[in-house]
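[1] got a sequence here, can you model it:
(one chain, ligands or ions: 1)
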Amino acid sequence: MMVVLARPSTVLGNSLQPFRFPQNFLWGAATASHQVEGGNRWNDWWEYEQDGRLPFRSEEACRHFDLYEADFDLARSWHHNAHRLSIEWSRIEPVEGQWNEAALDHYARVIRSLRDRGIEPLVTLHHFTNPRWFQQRGGWERADSVDCFLRYVRVVLQRLGNQVRWWLTVNEPTVYAKRAYVIGDWPPCKPKSQLLAMLVMRNMCRAHCAAYSVIHEIRSDAMVGLAHSAPWVEASNPRRLGDRLAARARNFVLNDFPMHLLGPTPRRKLDFIGINYYVRQLVQWRASRKGLIFGIENLESTPDRPRQFSPLGGEVHAEGLRRVLHQFARYGVPLIVTENGLATRNEEDRAGFVDSHVQAVAGAIRDGIDVRGYIYWTLYDNFEWALGYEATFGLAAVDRSTQQRLPRPAAARLAEFARSNSATLMTDALP
Ligand code: BGC
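    Next comes the predicted model:
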């Protein structure tokens with residue numbers, strides 16, 4: 001990969017440098033089937049929504065299932081040359097072993113319409129939702145969940161393999177396991193089942209490894225990765241041993257452990273790693289049951305240490321993205337930022353977020369890290385799981401009564417990076 005770094009600008013001084021991203025750098029936004037398509041009645045989330053335990057239902061979502069062409073026109077108008085989307089397993093296999101040809105045709109058309117617009121598809125095979133039949137037989141808790149997933153992967157690859165090069169097998173095994181089995185607010189809603197959570201994560205990682213081979217069998221030049229939720233974790237007070245140890249333990253569980261589940265040499269099962277980065281976690285050790293091993297998160301902002309928090313709770317910290325990219329570069333494969341976004345109603349903040357995080361990526365590339373793309377979460381506001389339609393991450397808002405997409409300033413900001421494939425770099429070298 002070639003990194004072209006122009007000379008520092010004489011007008012702006014040495015700390016501001018124009019930076020060109022590598023050729024063919026991927027710029028785009030991400031979505032996931034259940035969050036945007038609408039009408040995904042054959043999956044476990046739909047069932048969960050219908051039984052009234054949530055105050056929200058996805059219903060017709062953003063009707064992306066019908067409106068994808070217009071949505072891709074929008075992405076193209078923003079100079080996106082890549083788009084991350086997911087295939088809904090429950091549409092392809094609504095009943096165990098029965099393959100829905102019409103759904104396969106649909107996704108073939110979706111991919112074609114991206115290609116027609118010069119947009120490279122990055123396709124996720126599992127993004128949190130499961131077919132109902134799969135969940136009813138025990139979901140990811142069962143060892144043979146891997147075989148079920150592989151059957152589906154094979155069918156999809158045989159149909160779409162020649163049109164798609166970039167595949168993400170599973171989205172965020174750690175988040176799925178935590179929400180469904182520790183917090184318990186996602187189906188199958190089994191709170192405090194830590195052991196099951198580990199088992200589920202292990203099975204998802206096994207599924208990734210098996211899918212990696214199947215995908216390569218069918219398309220040898222495929223680029224296969226998984227999307228990992230990667231917070232930047234550090235000690236709140238680096239001078240305190242307790243904070244340092246708790247941060248290390250937390251970082252291991254959240255970031256390194258899932259990679260180790262891929263086997264002794266993770267890079268043999270990864271052509272790239274998808275980095276989903278949202279927050280920094282500052283960790284404080286506490287002599288309490290909760291804070292003993294993994295510490296607790298320091299969520300204080302003080303005048304001598306001002307910090308910015310997202311309305312959903314975590315700390316916004318662009319430099320953390322650069323550090324996370326350094327951290328994952330150690331696995332020796334290229335990286336793509338497959339998600340990064342802010343749920344806010346303040347458009348200046350959102351545009352500033354895009355700015356600072358794109359700069360962080362530029363900083364990492366300048367440091368020598370092989371980053372191949374930046375994909376914002378998400379194209380437009382959509383069904384944000386247990387938060388329904390309240391969380392607004394989109395580059396556009398959506399008026400759900402008319403399904404009109406209403407672009408926000410951040411879309412233009414990202415479009416400018418994508419158009420010029422360049423940025424002005426303000427960060428210094430990492431200490
Ligand atoms: C998930 C998305 C979700 C986003 C924002 C990620 O963990 O992959 O599905 O909408 O975070 O919460």
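
[2] pull the host helix or strand of K178 out as CSV, backbone CA atoms only.
    Element membership for K178, per DSSP states H and E: helix 173-178. Output in CSV follows, covering the C-alpha atoms of helix 173-178 (Å, rounded to 0.1, in the frame of the first residue of the first chain):
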residue,chain,number,x,y,z
PRO,A,173,-19.7,-11.5,18.6
THR,A,174,-18.8,-9.7,21.9
VAL,A,175,-21.7,-7.3,21.7
TYR,A,176,-24.1,-10.0,20.7
ALA,A,177,-23.1,-12.3,23.5
LYS,A,178,-23.2,-9.4,26.1
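
[3] what average pLDDT does the helix or strand just after that helix get?
    The C-terminal neighbour of helix 173-178 among helices and strands, as given by DSSP H and E, is helix 194-218. Taken as a whole, helix 194-218 has an average pLDDT of 98.

[4] next, the buried residues of helix 194-218.
    196-197, 199-212, 214-216, 218 (16 or more other CB atoms under 10 Å). C-betas here are computed from N, CA, C, even on glycine.

[5] pull the distance from it to the chain's centre.
    Computed by CA atoms, centre = their mean, to the nearest Å, the separation of helix 194-218 from the middle of its chain amounts to 17 Å.

[6] which stretches of the chain have low pLDDT?
    Within the chain, the stretches falling below the threshold (pLDDT under 70) are 1-14, 427-431.

[7] which residues of it lie near the ligand?
    Residues of the chain that fall close to the ligand, judged by CB under 6 Å from any ligand atom: 32, 171-172, 175, 229, 276, 339, 377, 384, 393.

[8] adding secondary structure, neighbour count and distance to D304, write those residues out as JSON lines.
    Formatted as JSON lines, the residues of the chain next to the ligand follow (DSSP: H, G, I helix; E, B strand; the rest coil; neighbours: other CB atoms under 10 Å; distance: CB to CB, whole Å):
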{"residue": "A32", "secondary structure": "coil", "neighbour count": "25", "distance to D304": "40"}
{"residue": "N171", "secondary structure": "strand", "neighbour count": "26", "distance to D304": "38"}
{"residue": "E172", "secondary structure": "coil", "neighbour count": "24", "distance to D304": "35"}
{"residue": "V175", "secondary structure": "helix", "neighbour count": "17", "distance to D304": "33"}
{"residue": "S229", "secondary structure": "strand", "neighbour count": "21", "distance to D304": "30"}
{"residue": "N276", "secondary structure": "strand", "neighbour count": "21", "distance to D304": "31"}
{"residue": "E339", "secondary structure": "strand", "neighbour count": "25", "distance to D304": "32"}
{"residue": "W377", "secondary structure": "strand", "neighbour count": "24", "distance to D304": "32"}
{"residue": "E384", "secondary structure": "coil", "neighbour count": "18", "distance to D304": "34"}
{"residue": "F393", "secondary structure": "coil", "neighbour count": "26", "distance to D304": "31"}
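
[9] what ranges do the helices span in the protein?
    Under the criterion DSSP state H, the chain contains helices at 33-36, 44-50, 64-77, 89-92, 101-116, 132-136, 145-160, 173-178, 194-218, 241-251, 257-260, 318-329, 347-366, 409-420.

[10] could these go into TSV alongside distance to R268?
    Shown next, in TSV, are the helices of the chain (distance: least, CB to CB, whole Å):
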stretch	distance to R268
helix 33-36	29
helix 44-50	32
helix 64-77	34
helix 89-92	26
helix 101-116	28
helix 132-136	28
helix 145-160	18
helix 173-178	18
helix 194-218	9
helix 241-251	23
helix 257-260	12
helix 318-329	16
helix 347-366	24
helix 409-420	33
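
[11] quick one: closest of these to T402.
    Closest approach to T402 among those (CB to CB): helix 64-77, 11.4 Å.

[12] relative to helix 409-420, how tilted is the closest one?
    60 degrees (axes from the mean of the first three to the mean of the last three CA atoms, to 10 degrees).

[13] can you pull the contacts of D71?
    Neighbouring residues of D71 by CB atoms under 8 Å, 6 or more residues apart in numbering: 62, 64, 379-380, 405.

[14] could you measure from it over to A61?
    Relative to A61, D71 is positioned 12 Å away (CB to CB, to the nearest Å).

[15] same deal with A351?
    Computed with CB to CB, the distance linking A351 and A61 is 25 Å.

[16] neighbour count for those two, which is higher?
    Using other CB atoms under 10 Å as the criterion, A351 and A61 rank with A61 on top: 23 against 18.

[17] pretty sure the more buried one is touching E37, no?
    Yes - under the criterion of CB atoms under 8 Å, A61 makes contact with E37 at 5.9 Å.

[18] which non-adjacent residue is nearest P55?
    G388 (6.8 Å; CB to CB, 6 or more residues apart in numbering).

[19] neighbours of the closest residue to L414 other than its chain neighbours, just the number please.
    Spatial nearest neighbour of L414, excluding adjacent residues (CB to CB, 6+ apart): V354 at 5.2 Å. By other CB under 10 Å, the residues close to V354 number 26.

[20] re earlier: so which of the contacts of D71 sit within strands?
    Among the contacts of D71, the residues falling in strands (DSSP state E) are R405.

[21] of the contacts of D71 - the most surrounded one?
    When neighbours are counted by other CB under 10 Å, L379 leads these with 30 neighbours.

[22] which residues touch that residue?
    Residues near L379 by CB under 8 Å, 6+ apart: 29-31, 36, 71, 74-75, 83, 394-396.

[23] report how many residues lie close to K178.
    19.

[24] so it touches L196, yeah?
    No - counting by CB under 8 Å, K178 does not reach L196; the two are 11.3 Å apart.

[25] mind listing the shared neighbours of those two?
    Shared contacts of K178 and L196, counting by CB under 8 Å, 6+ apart, come down to nothing at all.

[26] what's opposite W167 in the beta bridge?
    On the basis of DSSP bridges, W167 is bridged to V123, V224.

[27] count of neighbours near the spatially closest residue to A75 that is not a sequence neighbour?
    Distances taken as CB to CB, 6+ apart place H83 nearest to A75, at 5.7 Å, with adjacent residues excluded. Number of residues near H83 (other CB under 10 Å) recorded here: 27.

[28] please apply the same query to H79.
    As a burial measure, H79 scores 17 neighbours (other CB under 10 Å).
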